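Participant: got a sequence here, can you model it:
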Amino acid sequence: MSELLHDRVVLVTGGGSGLGAAICRELAAESAIVVAADLRVGGAEEVVRGINDRGGRAIALTADVGEAAQGQALVDRTLEQFGRLDVLINNAGTDVTLPLDELSIEQWDRVLRTNLRGPFLLAKAVLPTMKRRGFGHIVNIASTAARRTWPNASAYHASKWGLLGLSHALHSELRPYGIKVTAVIVGGMKTPFLLDRFPDIDVSTLQDPTVVARAVCFAVRQPQETVIPEIMVLPMRETSWP
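Facilitator: Numbers count the residues shown, from 1 in each chain. As a prediction, this is how the structure comes out:
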């Protein structure tokens, strides 16, 4: 248990499965108060039940992070319930794996809406309360797709490169207000995000999302005088990074 995370209120988007669920569980184990938000609230509710059954504190909320009103409602509900919001973890993400000539405009918009517009909207929503307190932390879950490219993932690459740029821009902009911003560049994980779309993938080249979640907790638990602007977490046999 970390004293630095004790009673910190943390909002995790995409908290109902995969890395988001692992982050919620690890934060709760460090005695943080967890708000697990997901478009499919059933998964978030299951994660929250498990946390509360083990003596943690968590609630589940539903939201489409790409919708401004719903993002604001997430923040408002969290503030109403707990009186503050200390950490925002922008983890919700999606992808469409198609070559550009087969990728529809609607599919492009959906990926950018979730992966880039969502973090932008949530960051805007949390800033007033964080600025008033002179304290807060925004964590953006990026990907090796923000550093190099492969075929048939143009929308995903565009969204993650944009998210990495947004993270570093906000790091520069918000430091004077005592607000930290961290980008977490993640390599391949054993999560439904990959396994459901690529059933033939070699799982031995992937990492457990719990390991990445622990790295996220490490970044968040740093003392107030220290910030980690960027961290990369790769499996030893990572195929998407040299």
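Participant: which neighbouring elements make contact with the strand or helix carrying A44?
Facilitator: Here A44, judged by DSSP states H and E, is contained in helix 41-53. With contacts taken as 3 or more Cβ pairs under 8 Å, 6 or more residues apart in numbering; DSSP states H and E, helix 41-53 sits against helix 18-29, strand 33-38, strand 57-62. Every C-beta, even on glycine, is put in place using the N, C-alpha and C of the backbone.
Participant: nearest to K190, out of the ones you listed?
Facilitator: Among these, helix 18-29 comes nearest to K190, with 9.0 Å by Cβ to Cβ.
Participant: pull out the buried positions in that closest one.
Facilitator: Residues G18, L19, G20, A21, A22, I23, C24, R25, E26, L27, A28, A29 are the ones in helix 18-29 that count as buried (16 or more other Cβ atoms under 10 Å).
Participant: now swap in stretch 177-184 and tell me
Facilitator: I179, K180, V181, T182, A183, V184.
Participant: now swap in stretch 40-54 and tell me
Facilitator: In stretch 40-54, counting by 16+ other Cβ under 10 Å, buried: V41, G43, A44, E45, V47, V48, I51.
Participant: so in the chain, which strand runs the longest?
Facilitator: Using DSSP state E to define each element, the chain has its longest strand at strand 179-186.
Participant: tell me which residue of the chain is furthest from the middle?
Facilitator: D101 (29.7 Å; Cα atoms, centre = their mean).
Participant: what's near enough to touch that one?
Facilitator: D101 makes contact with no residue, according to Cβ atoms under 8 Å, 6 or more residues apart in numbering.
Participant: can you confirm it is in a strand?
Facilitator: No. Going by DSSP: H, G, I helix; E, B strand; the rest coil, the assignment for D101 is helix, not a strand.
Participant: for G188, see how far away it is.
Facilitator: 26 Å (Cβ to Cβ, to the nearest Å).
Participant: now do V233
Facilitator: 11 Å.
Participant: overlap in contacts of the two?
Facilitator: Counting by Cβ under 8 Å, 6+ apart, the residues touching both V233 and G188 are Q207.
Participant: the more surrounded of the two?
Facilitator: Ranked by neighbour count (other Cβ atoms under 10 Å), V233 and G188 place G188 first, with 23 against 20.
Participant: tell me the angle the longest strand of the chain makes with helix 18-29.
Facilitator: 130 degrees (axes from the mean of the first three to the mean of the last three Cα atoms, to 10 degrees).
Participant: can you show me the CA trace of strand 179-186 as PDB?
Facilitator: Below are the C-alpha coordinates for strand 179-186, written out as PDB (Å, rounded to 0.1, in the frame of the first residue of the first chain):
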ATOM      1  CA  ILE A 179      -0.600  19.600 -12.500                       C
ATOM      2  CA  LYS A 180       1.400  16.700 -13.800                       C
ATOM      3  CA  VAL A 181       1.000  15.000 -17.200                       C
ATOM      4  CA  THR A 182       2.400  11.600 -18.100                       C
ATOM      5  CA  ALA A 183       2.300   9.700 -21.300                       C
ATOM      6  CA  VAL A 184       2.600   5.900 -21.000                       C
ATOM      7  CA  ILE A 185       3.800   4.300 -24.200                       C
ATOM      8  CA  VAL A 186       2.700   0.700 -24.000                       C
END
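Participant: neighbouring strands - and their directions - for it?
Facilitator: strand 136-141 (parallel), strand 230-233 (parallel) (DSSP bridges).
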